[in-house]
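*Asks:* below is the structure, and that's it, no one-letter string:
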């Protein structure tokens, strides 16, 4: 499986998430980016939105889990603000994805 196979599910995911938040950026990382995804792999993404500033971590997950409901392959999404992305240590998963992930503006998905 490759990145071309995740564009349609990610587009649906972003469309659904956009009903609750303004999605500023999507960062793909993990097995799809690395080219070793299998039929069982989920799509790992960070969703960047400044709307997350006013949300608890749990509420961020609720918004993203609701958007991911019913989409296959499964979308595993984490939500962060642009400031959190900018300040993340390169030793964290967010910092790794920032530095090595594939960045998309939601309009190109």
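*Replies:* Happy to help now that I have it. None of the values given here were measured: they were computed from a predicted structure. Residues are numbered from 1 along each chain as shown.
*Asks:* leaving out the residues flanking it, which one is nearest to residue 102?
*Replies:* Excluding the flanking residues, the one nearest residue 102 by C-beta to C-beta, 6 or more residues apart in numbering is residue 28, at 4.5 Å. (C-beta placed from N, C-alpha, C; glycine too.)
*Asks:* next structured bit after the helix or strand encompassing that neighbour?
*Replies:* Residue 28 is part of strand 25-29 when elements are defined by DSSP states H and E. Counting by DSSP H and E, the next helix or strand C-terminal to strand 25-29 is helix 31-34.
*Asks:* in its sheet, what does the helix or strand following that next one sit against?
*Replies:* Per DSSP H and E, helix 31-34 leads on to strand 43-48 as the next helix or strand towards the C-terminus. Next to strand 43-48 in the sheet, as set by DSSP bridges, lie strand 25-29 (antiparallel), strand 75-80 (parallel).
*Asks:* looking at the ones you listed, which is closest to residue 16?
*Replies:* strand 75-80 (9.6 Å; C-beta to C-beta).
*Asks:* name the residues that touch the closest one?
*Replies:* 9-10, 13, 17, 21, 42-49, 52, 55, 60-61, 63-65, 67-68, 88, 94 (C-beta atoms under 8 Å, 6 or more residues apart in numbering).
*Asks:* drop anything exposed from the residues you listed.
*Replies:* Among the contacts of strand 75-80, those classed as buried by 16 or more other C-beta atoms under 10 Å are 9-10, 13, 17, 21, 42-49, 52, 55, 60, 63-64, 67-68, 88, 94.
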